[in-house]
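Novice: Generate coordinates for the sequence data below:
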Amino acid sequence: MKRIAEIRRAHNWDPSLAVDVVVLDAQERHRRRVVFVGGHGATYLLNLAAPAQLRDGDGLVLEDGEIVRVTGKPEPLVEISAANPREFARLAWQLGNRHAELQLTADKLRIRRDHVLEDMLRSAGATLTFLEAPFEPESGAYSHDEASDGHRAVPRDH
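Specialist: Down below sits the predicted model:
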């Protein structure tokens, strides 16, 4: 098993250097300690001092300097749009009030499929589009995840 020494954010490394890939959904990408199995069958140990949110395109730097690419696994999502900016803000507030994990795109919101939230959004006038795509939820106001800098793995023997 190879150990992961560092996480490099997507914009801080060249993806053509990747020697393998791990395909993970959003929940699988929020980790502190886990063993990943790469696309080529190799196993990789991630062991951080605190949980990190891995993002699509991040690189997992191994102790020998090789890099494994993180790829977001497509999930069933709902893309939400509104008639105007005021309605868009109201819909975002409604979802936040329900503590729903949320992804912001340039002009739309995305959530995981949830029939209760979908009914609420429809009744509030939202336009819903169903799709399968990697989900990249916002980290949240109280998250200490480093959005632009790498995390260093902390070796542990247990």
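
Novice: Every contact and neighbour count from this point should use C-alpha atoms.
Specialist: Noted.

Novice: Touching the longest helix along the chain from outside, list them.
Specialist: In the chain, assigned by DSSP state H, the helix with the most residues is helix 85-97. Applying Cα atoms under 8 Å, 6 or more residues apart in numbering, the contact partners of helix 85-97 are Ser81, Ala82, Leu102, Leu109, Leu117, Leu121, Ala124, Ala126.

Novice: Take those residues and keep only those in helices.
Specialist: Per DSSP H, the contacts of helix 85-97 map to helices at Leu117, Leu121.

Novice: Would you mark the buried spots in the longest helix of the chain?
Specialist: In terms of neighbour count (16 or more other Cα atoms under 10 Å), helix 85-97 has its buried residues at Phe88, Leu91, Ala92, Gln94, Leu95.

Novice: repeat for stretch 60-80
Specialist: Those would be 60-62, 67-73, 75, 77-80, for stretch 60-80 by 16+ other Cα under 10 Å.

Novice: same check, this time on stretch 8-18
Specialist: Those would be Arg8, Arg9, Ala10, Trp13, Pro15, Ala18, for stretch 8-18 by 16+ other Cα under 10 Å.

Novice: measure the spatially most central residue of the chain to Leu104 for me?
Specialist: The residue lying closest to the centre of the chain (Cα atoms, centre = their mean) is Glu136, at 3.8 Å. From Glu136 across to Leu104, the span is 8 Å (Cα to Cα, to the nearest Å).
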